[in-house]
Each structure stands twice: as C-alpha cells, then as structure tokens.
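A.B. asks: fold the following, please.
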Amino acid sequence: MKLDFIPLNKLSVSKANMRFSKSVPDVSDILPTVRKRGVIQPIIVRPNPCPEPVGPEATEGQRCARDAFEILAGSRRYHAALIVAEEKRAMGEADNEIALLPCAILEEGDDADAVEASMIENMARRDADEVTQWESFTRLVKKGRKTSDIAATFGLPELTVKRVLALGNLLPRIRRLYAADEIDRATVRHLTLASKSQQKAWLALLDDEDAYAPSGHQLKAWLMGGQSIGTHHALFDIEASGLAVISDLFGEEAYFADADGFWKAQDAAIHDRRETYLDEGWNDVVIVPPSDHFSTWEYVKASKRHGGRIYVDVRGTGEVIFHEGYLTRKEAERIEKGQSVGMGGKIVRPEITSTMATYLDLHRHAAVRAALTSSPAVALRLMVAHVIVGSPLWRIDVEPQTSRNEAVAESVENAVGEADFDHMRRKALAVLGFDAEEPAVIGGRSDDFGPNTGLVAVFLTLLDLDDVQVMNLIAIIMGESLSSGSAAVDAVGLHLGVDMADYWQADTAFFELLRDREILGHLVADVTSPSVAASNANEKAKTLKAIVRDALDGTNGRDKKDRWVPRWMQFPPAAYSQRGGVGTVAAHEAVMKAKEAHDSAASAPDMPDPVTPGSVMSLPDDRAEGDERLAA
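C.D. replies: Now for the predicted structure:
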C-alpha cells in the first residue's frame with residue numbers, strides 16, 4: 001500500500017465499508033483524541049471506481065473526480081476529522097493542513113478484497129455485532145468468497161461464519177431486534193430455522209401484550225412441534241382425504257386430528273408434485289426433511305436450462321416451501337468455470353431415478369435393522385444419538401422447568417439437585433465434545449450439522465465410549481427429558497429411594513407460597529408438636545409461618561427441626577387434608593394403580609416366562625425355527 005495525505009474533500013465512505021451508513025456514526029468516544037492529536041492511524045482507501053466526470057451542469061452528488069478516493073476502513077475517524085476541521089475553520093485557522101488525512105491507498109481490485117480489508121480493519125478495532133458481520137459476510141459470499149476462505153481470513157471457526165450467514169434467513173425486523181439486543185442469541189439461532197410465515201407468527205406474539213412469545217429451547221419446541229398441524233398447510237384435498245379436522249369455536253382455525261394421517265397424505269402430495277417437476281424438465285427435486293434446513297445463502301439461483309433444481313423444504317409444522325431454481329454454490333462455480341459435464345453447461349442427471357433410489361434405500365434399511373437385532377449395544381448407541389440430535393422420526397423435548405413466578409424459578413435454579421445435575425451435564429457435554437455452555441445435551445449438535453451428519457457424528461462418538469459412559473449419558477438425557485409433575489417422576493423417585501432432605505430445605509419462595517391457615521396449622525404440628533399447633537390455631541397466617549421458620553432455624557426458643565420436608569414433596573407424598581388438589585399425590589396414586597396391575601399380571605399362572613439374557617425370542621410361524629440371529 002502507498003501512504004499519502006489526502007484532502008477531506010477528496011474522500012467519501014465506500015459502500016464496501018463494513019460500517020457504511022447514510023447516517024453519521026457516533027464519534028463521541030474518539031472526538032477528543034482527534035481534536036488533540038489529529039488522526040494518527042492511517043485510514044484505508046482506494047481510488048474511487050466511479051465513471052468519468054460529468055459536465056458542469058451536474059449536481060454535487062453526480063460529480064466524480066478522477067483523483068477522489070473512497071474509504072474502506074476508517075469511517076469514524078473520517079467523520080471525526082470533518083467535525084474538527086469545521087471547528088478549526090470557525091476559529092479562523094488556516095485550511096491547508098487541517099483538512100488532510102493520512103491514508104493507506106490500496107491498489108485497485110475487486111469488491112471482495114475491499115470488503116475484506118474493511119472488515120479486518122474494523123474487527124481489529126471494535127467488535128462488530130453479528131448483524132453487521134452478516135451484511136459483510138453476505139457481500140463476500142456474493143463476490144465468490146467461500147466460507148472456509150472467510151473463516152481463514154478473519155481467524156474464525158467456519159461454523160461461526162456459517163451461523164452468522166444463517167441470519168440471512170431472518171426477516172429484517174428480527175435482525176434489527178437482535179442487533180439491538182432485544183432478542184438473545186439462543187432465540188435467534190432457533191429463528192434461523194423458522195420459515196418466513198413462522199417468523200411473522202412469532203413477531204405477532206411478540207407484539208401482543210397478552211400473548212407469550214417462546215424463546216430459547218421453548219421456541220425450538222414451538223417451531224418443531226408439528227403435532228397441531230393447521231389445515232392451511234395441506235397440499236392435498238382435505239375433504240377427499242377423509243381425515244378428521246378440529247376447528248375452533250369461531251371456525252377461523254382448523255387442525256388435523258390425526259398427525260400421522262396428515263403426513264401420509266402430505267408425503268404423497270409432495271411425491272406427486274416432485275414427479276410433476278421432473279416431468280416439466282427440472283434437473284432434480286430434492287426433499288429437505290423437517291430435521292434439515294434450507295439455508296438460502298448456501299445456494300444460488302439457476303434456471304432450469306442451467307441445471308437448476310427444486311428444493312422442497314418440509315417443516316415440522318406441516319408447512320412445505322418449494323424453492324424453484326437453485327444450485328449449490330459449488331455447482332454454480334463449476335458451471336461458471338465450464339467444468340460441468342453435459343451440453344450447454346447443464347449438470348448431468350443422476351445415474352439412477354428417484355424410484356430406484358427409494359428401492360435401494362428400503363432394501364438397505366431392511367437389512368440393517370435386521371442386523372441390529374443381534375447387536376443391542378450398537379442399537380443402544382444409535383438410539384442415544386437419535387435422542388440427542390433428533391431425526392425425521394424422532395423428536396425429544398427438553399423439560400423447560402419454567403414458572404411465571406420469578407421467585408419459584410430462582411429457587412429451582414439455585415437448588416442443590418439442579419446444581420448437581422448441571423455438574424454432571426457439563427461432564428456429559430465434554431464427553432461428547434459439545435460446548436460446555438450448551439443449555440442441554442439434547443439438541444446440542446442438531447444446529448451445527450444436518451440430521452444425516454450430526455446424527456452420524458454423535459453415533460460414531462458413542463461407538464468409541466464404553467458401556468458405563470453411555471449409561472451415564474442416558475441418565476443425563478433422560479433427566480433433561482423427564483416431564484416435571486409426571487407420574488414417572490414419582491415412580492423413579494420411589495424406586496431410587498430419593499430423600500428430598502438431601503436436596504431441599506425451606507426457602508423464601510416456599511414460605512411466600514403458603515397462604516392457607518388450616519394447612520399452616522398442619523405444618524406447625526409437623527415441625528413442633530400437635531399441642532403447639534392447637535394452642536396457635538387462631539393465629540394469623542403470618543404468625544404461623546414465623547413459628548415454622550423458628551422451628552426450622554432453631555431460633556426464638558424453638559427446638560430445631562432438622563431435615564424437614566413437607567408431606568407433598570416426599571417420596572411417597574401425602575396430603576395434609578381430604579380436600580385434594582395435590583398434584584404429587586395424584587401422580588403417586590397413578591403409580592400405585594400401575595404397580596397393582598403389574599404385580600397382578602406377574603403373579604398370573606399363565607404368564608409366559610420373560611425373555612432373559614441368552615434366550616431366543618419366539619416368533620409366530622416357522623420363521624422362529626433355528627433363527628439364532630435373535631439370540632439376546
């Protein structure tokens with residue numbers, strides 16, 4: 001680069017500048033330094049690539065001098081220098097040196113070089129927010145830069161570059177909210193998976209004061225749920241399908257009662273549409289399953305004549321988006337370089353038809369699942385990988401552990417059990433090679449890879465682990481997906497003999513939720529004695545709470561009650577009255593009914609012997625004879 005001093009009136013901010021904006025940037029932090037010392041660090045410029053100068057009748061904005069330069073990096077220093085120069089002119093100082101800026105002049109080159117120079121300079125000085133990075137990265141991609149090149153240039157992991165580019169899938173308003181820190185990173189990452197209609201629906205919830213806009217992992221469940229599928233997503237004739245439809249009271253919204261039935265009909269309609277596209281001469285039609293995602297930045301538009309294909313983006317909500325005329329960037333580069341095989345730069349059709357591909361897939365699938373029956377250890381690891389990453393046929397949700405009461409949420413967050421589980425979860429994340437800051441093991445790799453790569457990557461990792469490590473991982477992912485308040489919690493707690501005194505003690509949130517005087521009387525009897533409870537039966541709730549607190553703390557003359565846990569929380573739980581309405585007790589009753597049914601069935605005289613290790617499962621008809629492959 002050549003160094004020189006250039007007058008301010010010969011400079012303008014380039015659109016290739018990372019911080020280009022029509023509005024003047026905030027320079028209040030550097031203005032005092034520029035006033036005192038001037039601009040010391042040269043700004044980066046290049047010769048203005050404008051056309052030949054126009055006539056004298058042109059406006060100021062139309063004139064373009066040959067000796068002008070545009071600023072690629074240093075926009076804020078330039079604007080600060082403008083302010084200082086104007087101040088000095090107002091004070092009557094000479095205008096010969098104050099309007100000169102030290103500049104490093106780049107050779108004339110392509111726009112991608114200019115954008116890179118701007119980003120390197122700016123990112124080294126002041127951290128750019130991800131939205132600003134996205135704007136610049138996108139321009140680099142459009143100029144032909146690969147994600148690997150961008151990552152190498154700026155010293156970033158390629159995955160980081162891809163995540164930033166994924167912001168291009170967002171509506172402009174969502175990007176603005178993210179840039180203003182009004183949306184957190186986890187929420188934005190999940191929104192990049194959402195279709196435009198889903199994003200609009202989410203923004204509508206955000207704008208509605210009476211509604212709740214899901215965030216974080218709750219947002220992911222909201223996006224990928226797919227259980228309440230609206231009829232407006234159907235590609236088939238609903239009436240002819242015979243599927244049951246449920247409508248709201250006003251008839252404004254309708255949903256399919258049978259999600260499996262919907263997908264069977266929807267898949268058939270997608271297949272028909274695919275065949276229609278192929279008959280119309282499209283090179284290929286690619287089905288993108290719900291667990292995958294079509295990221296527009298990874299593709300370029302291409303006509304049918306130039307080998308463009310159709311991408312069918314199938315969403316878990318039932319929505320199907322048809323992206324017509326796209327190629328991957330690598331394929332587009334091949335065509336541009338004349339490296340494609342075929343006439344007219346057109347990509348050659350695959351060597352097998354889609355039906356043949358289905359034939360091959362189904363036979364391979366049948367063989368592999370038969371082989372799995374003799375390899376339960378492999379099947380276990382594959383199952384764990386499915387739970388962690390998910391697939392088109394698997395969807396596991398993380399228990400959100402949410403409460404609208406902030407005190408309750410804070411109490412659980414600080415609980416001993418939560419701390420112990422988080423400690424073990426971090427160990428599990430480390431074993432899998434995941435980021436230790438991931439909020440859950442489940443879903444921790446699905447955003448980084450597609451289902452056909454992320455799932456396999458986790459599966460291969462699990463094959464390297466011993467059985468103890470895999471079982472420890474199962475404990476974590478089961479804990480993450482164990483539904484709060486369910487009968488399963490009670491069943492597991494009873495079986496493991498959980499003593500809640502090891503994990504809980506009464507806190508402020510607990511006492512704030514106690515309001516019933518009758519129940520408070522029972523609690524007083526619990527922590528002191530029935531006689532103390534009877535003598536204080538007419539006291540106010542505040543007084544009764546104070547007695548319980550004193551007994552638990554051993555203050556104000558009360559004997560200390562150690563390791564006390566209310567009946568509702570114990571394993572097994574119990575109520576203090578006959579009034580009912582205790583969820584833990586209801587869950588326990590369900591467990592007891594299930595246990596009675598299990599014990600009765602186990603004691604029945606005609607009950608067949610269970611399959612034990614080393615035995616062979618029996619099959620109906622002659623297929624069972626001699627089939628040693630089913631040995632456990």
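A.B. asks: which residues of the stretch 351-500 of the chain score low on pLDDT?
C.D. replies: 354, 444-453 (pLDDT under 70).
A.B. asks: quick one, helices of it?
C.D. replies: Using DSSP state H, counting those that start in this stretch, the helices found in the stretch 351-500 of the chain span residues 354-372, 376-389, 406-413, 416-432, 454-463, 467-480, 487-496.
A.B. asks: also compute the angle for the second one relative to helix 467-480, please.
C.D. replies: An angle of 40 degrees separates the directions of helix 376-389 and helix 467-480 when computed by axes from the mean of the first three to the mean of the last three CA atoms, to 10 degrees.
A.B. asks: and the longest one, by the same measure?
C.D. replies: In terms of direction (the same axes, to 10 degrees), helix 354-372 departs from helix 467-480 by 110 degrees.
A.B. asks: follow-up on the earlier one: how about the helices of the stretch 351-500 of the chain in a markdown table, adding mean neighbour count?
C.D. replies: Using the backbone N, CA and C atoms, a C-beta is placed for each residue, glycine as well. As requested, the helices of the stretch 351-500 of the chain are arranged in a markdown table below (neighbours: other CB atoms under 10 Å):
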| stretch | mean neighbour count |
| --- | --- |
| helix 354-372 | 11 |
| helix 376-389 | 19 |
| helix 406-413 | 14 |
| helix 416-432 | 15 |
| helix 454-463 | 18 |
| helix 467-480 | 16 |
| helix 487-496 | 16 |
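A.B. asks: can those helices go into a markdown table with extra columns for distance to G581?
C.D. replies: Listed next are the helices of the stretch 351-500 of the chain as a markdown table, based on distance: least, CB to CB, whole Å:
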| stretch | distance to G581 |
| --- | --- |
| helix 354-372 | 47 |
| helix 376-389 | 34 |
| helix 406-413 | 18 |
| helix 416-432 | 25 |
| helix 454-463 | 43 |
| helix 467-480 | 27 |
| helix 487-496 | 16 |
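A.B. asks: out of those, the one nearest F294 is which?
C.D. replies: Checking the helices of the stretch 351-500 of the chain against F294 by CB to CB gives helix 454-463 as the closest, at 16.1 Å.
A.B. asks: hey, where'd the strands end up in the protein?
C.D. replies: Taking DSSP state E as the criterion, the chain carries its strands at 2-7, 11-13, 43-47, 69-73, 100-105, 245-247, 254-256, 285-288, 299-301, 309-314, 320-328.
A.B. asks: most tightly surrounded among the ones you listed?
C.D. replies: Comparing those by mean neighbour count (mean count of other CB atoms under 10 Å), strand 69-73 comes out on top with a mean of 25.
A.B. asks: on that earlier part again, tell me which of the strands of the chain lies nearest to Q401.
C.D. replies: So among the strands of the chain, strand 254-256 is nearest, using CB to CB, at 27.7 Å.
A.B. asks: can you list the helices and strands that that closest one packs against?
C.D. replies: Identification of packing neighbours for strand 254-256 by 3 or more CB pairs under 8 Å, 6 or more residues apart in numbering; DSSP states H and E yields strand 245-247.
A.B. asks: quick revisit: nearest to A541, of the helices of the stretch 351-500 of the chain?
C.D. replies: Taking the helices of the stretch 351-500 of the chain one by one with CB to CB, helix 406-413 is closest: 17.4 Å.
A.B. asks: between the closest one and helix 416-432, how many degrees?
C.D. replies: 60 degrees.
A.B. asks: list of residues touching helix 406-413?
C.D. replies: Applying CB atoms under 8 Å, 6 or more residues apart in numbering, the set of residues contacting helix 406-413 from outside is Q401, T402, S403, E418, D507, T508, A509, F510, E512, L513.
A.B. asks: repeat for stretch 538-545
C.D. replies: F511, L514, R515, D516, R517, L520, G521, L523, V524, N536, I547.
A.B. asks: again, only this time at 6 Å
C.D. replies: Stretch 538-545 has contacts (CB atoms under 6 Å, 6 or more residues apart in numbering) with F511, R517, L520, V524.
A.B. asks: quick one: closest of the helices of the stretch 351-500 of the chain to Q41.
C.D. replies: Here helix 416-432 is closest among those (CB to CB), at 42.1 Å.
A.B. asks: list the helices and strands the closest one packs on?
C.D. replies: In terms of contacts (3 or more CB pairs under 6 Å, 6 or more residues apart in numbering; DSSP states H and E), helix 416-432 is packed against helix 467-480.
A.B. asks: what is the helix it packs on packed up against?
C.D. replies: Against helix 467-480 (3+ CB pairs under 6 Å, 6+ apart) you get helix 416-432.
A.B. asks: apply 8 Å and report the result again.
C.D. replies: Using 3+ CB pairs under 8 Å, 6+ apart: helix 467-480 touches helix 376-389, helix 416-432.
A.B. asks: now the angle from that helix to helix 487-496?
C.D. replies: Following the same axes, to 10 degrees, one obtains 140 degrees for the angle between helix 467-480 and helix 487-496.
A.B. asks: chain center to helix 467-480, what's the gap?
C.D. replies: 22 Å (CA atoms, centre = their mean, to the nearest Å).
A.B. asks: ok, and what's touching it?
C.D. replies: For helix 467-480, contacts defined as CB under 8 Å, 6+ apart pick out 377, 380-381, 384, 387-388, 396, 398-399, 421, 424-425, 427-428, 431-432, 440-442, 462, 465.
A.B. asks: so who does R77 touch?
C.D. replies: Listed by CB under 8 Å, 6+ apart, the contact set of R77 reads I30, V34, V39, Q41, I43, L101.
A.B. asks: please disregard the earlier target; I meant L8.
C.D. replies: Y78, A81, L82, A85, A99, L100, L101 are the contacts of L8 under CB under 8 Å, 6+ apart.
A.B. asks: can you rerun that using 6 Å?
C.D. replies: Contacts of L8 (CB under 6 Å, 6+ apart): A99.
A.B. asks: re earlier: turn the helices and strands packed on helix 467-480 into TSV, columns for distance to Q199.
C.D. replies: Conversion of the helices and strands packed on helix 467-480 to TSV gives the following (distance: least, CB to CB, whole Å):
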stretch	distance to Q199
helix 376-389	24
helix 416-432	29
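A.B. asks: next one: H271 from Y277, what distance?
C.D. replies: 11 Å (CB to CB, to the nearest Å).
A.B. asks: so between these two, which is more surrounded?
C.D. replies: Between H271 and Y277, counted using other CB atoms under 10 Å, Y277 has the larger neighbour count: 19 against 16.
A.B. asks: okay, now the unreliable bits of the stretch 1-150 of the chain?
C.D. replies: In the stretch 1-150 of the chain, residues with pLDDT under 70: 1, 17-22, 36-37, 49-66, 93-98, 108-132, 134-136.
A.B. asks: where do the helices sit along it?
C.D. replies: Taking DSSP H, counting those that start in this stretch as the test, the helices found in the stretch 1-150 of the chain are 31-37, 75-90, 111-125, 130-142, 147-154.
A.B. asks: list the contacts of the residue nearest to V565 when sequence neighbours are not counted.
C.D. replies: Nearest residue to V565, sequence neighbours excluded (CB to CB, 6 or more residues apart in numbering): M500, at 4.5 Å. Shown in contact with M500 (CB under 6 Å, 6+ apart): V565, M569, Q570.
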